[in-house]
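**Student:** Return atomic coordinates for the entry below.
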Amino acid sequence: MKPSAKRLFEQSRAHLEKGEVGKAVHVLKQAIAEEPDDVSLWAEMYRQCMLAKSPQSALTAARELRRINPADANYIYMHGIAALTSGQAQEAATLLEEALQRLPQATHVRRTLVQVLEALKKPERARQILQEAVDRAPTDPVAVNDLALLLLKQGEEGKRTAEPLLRRVLSAHPDDLATHLNLALALADRDAEAALDHADRAKESPDLAIREQAQRLYQLLVRH
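**Tutor:** Here you go, the predicted structure:
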């Protein structure tokens with residue numbers, strides 16, 4: 001990076017630290033004018049535009065990043081996020097599908113794509129993506145619990161489908177408390193006693209959201 005562009009880059013960061021986002025973006029544009037093919041400058045522009053809630057400008061930055069390095073999966077993901085923030089859900093889904101193909105193990109990409117697909121009313125594709133992750137790692141708590149959360153929304157059939165997947169995870173990771181919670185939810189309508197045991201375990205979670213949900217479920221099961 002040219003010294004002059006680097007100096008402008010540092011000035012932009014200084015403005016940003018003061019909360020002067022508009023000034024930061026303005027100075028950063030000057031740096032980019034001097035170094036239009038510098039990925040660090042465009043990545044910073046993307047970040048600042050997202051902070052400034054200017055998704056269209058972030059889209060431009062993401063496209064420039066992909067022009068410079070079209071094979072970078074993270075830039076494809078950033079492009080998808082900018083499209084989503086701009087209200088272009090279908091384009092976002094296409095981009096996130098591409099990013100996931102390049103980063104099949106990336107939980108954040110998979111979860112974002114599934115959320116977009118659910119918003120687009122495409123639950124079968126969402127389930128297929130989550131199932132592919134489980135097929136690659138059948139006892140991975142993160143992959144299985146992500147699929148289980150989707151299945152739990154699909155009524156009794158979904159809960160019955162989720163149960164053996166969750167039990168398989170617990171056989172490998174008996175202390176995974178998120179899995180205990182989801183198994184409790186899957187069993188609550190069919191086997192209250194077993195559900196109560198799993199909810200009781202999940203109440204020990206250090207994760208506040210899991211702990212509070214487990215406590216609510218436990219109290220509900222006790223009353224019934």
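**Student:** What count of nearby residues applies to the nearest residue to residue 220 once chain neighbours are set aside?
**Tutor:** Excluding the flanking residues, the one nearest residue 220 by Cβ to Cβ, 6 or more residues apart in numbering is residue 188, at 7.9 Å. In short, each C-beta sits where N, CA and C put it, glycine included. Applying other Cβ atoms under 10 Å, we find 20 other residues in the vicinity of residue 188.
**Student:** same thing with residue 33?
**Tutor:** Residue 33 sits with 11 neighbouring residues when counted by other Cβ under 10 Å.
**Student:** Distance-wise, check it relative to residue 47.
**Tutor:** 18 Å (Cβ to Cβ, to the nearest Å).
**Student:** Kindly report the same for residue 59.
**Tutor:** 13 Å.
**Student:** and residue 189, what does it touch?
**Tutor:** For residue 189, the contact set (Cβ atoms under 8 Å, 6 or more residues apart in numbering) comprises 156, 159.
**Student:** Report the distance from stretch 59-70 to the chain centre.
**Tutor:** Distance of stretch 59-70 from the chain centroid (Cα atoms, centre = their mean, to the nearest Å) equals 21 Å.
**Student:** Pull out the C-alpha coordinates of that stretch and format them as PDB.
**Tutor:** The C-alpha trace of stretch 59-70 is given here as PDB (Å, rounded to 0.1, in the frame of the first residue of the first chain):
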ATOM      1  CA  LEU A  59     -22.700  -4.500  -1.800                       C
ATOM      2  CA  THR A  60     -20.400  -2.400  -3.900                       C
ATOM      3  CA  ALA A  61     -17.400  -3.100  -1.600                       C
ATOM      4  CA  ALA A  62     -18.200  -6.800  -1.600                       C
ATOM      5  CA  ARG A  63     -18.300  -6.900  -5.400                       C
ATOM      6  CA  GLU A  64     -15.000  -5.200  -5.600                       C
ATOM      7  CA  LEU A  65     -13.500  -7.700  -3.100                       C
ATOM      8  CA  ARG A  66     -14.800 -10.500  -5.400                       C
ATOM      9  CA  ARG A  67     -13.400  -8.800  -8.500                       C
ATOM     10  CA  ILE A  68     -10.000  -8.800  -6.800                       C
ATOM     11  CA  ASN A  69     -10.200 -12.300  -5.400                       C
ATOM     12  CA  PRO A  70     -13.200 -14.200  -6.900                       C
END
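**Student:** Now do residue 213 against residue 107, distance only.
**Tutor:** Here the criterion is Cβ to Cβ. By it, residue 213 lies 20 Å from residue 107.
**Student:** Among the two, which residue is more densely surrounded?
**Tutor:** residue 213 (20 against 13).
**Student:** which secondary structure element contains that one?
**Tutor:** Element membership for residue 213, per DSSP states H and E: helix 208-223.
**Student:** what sits up against that helix?
**Tutor:** 177-178, 180-181, 184-185, 188, 192, 195-196, 199-205.
**Student:** Please, a ChimeraX command that selects the buried ones among those?
**Tutor:** Here is the ChimeraX command that selects the buried residues among the contacts of helix 208-223 (16 or more other Cβ atoms under 10 Å):
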select :177,178,180,181,184,185,188,192,195,196,199,200,201,202,203,205
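**Student:** first vs last residue of stretch 198-215, how far apart are they?
**Tutor:** Length of stretch 198-215, first residue to last, Cα to Cα, to the nearest Å: 11 Å.
**Student:** what about it, distance to the chain center?
**Tutor:** 22 Å.
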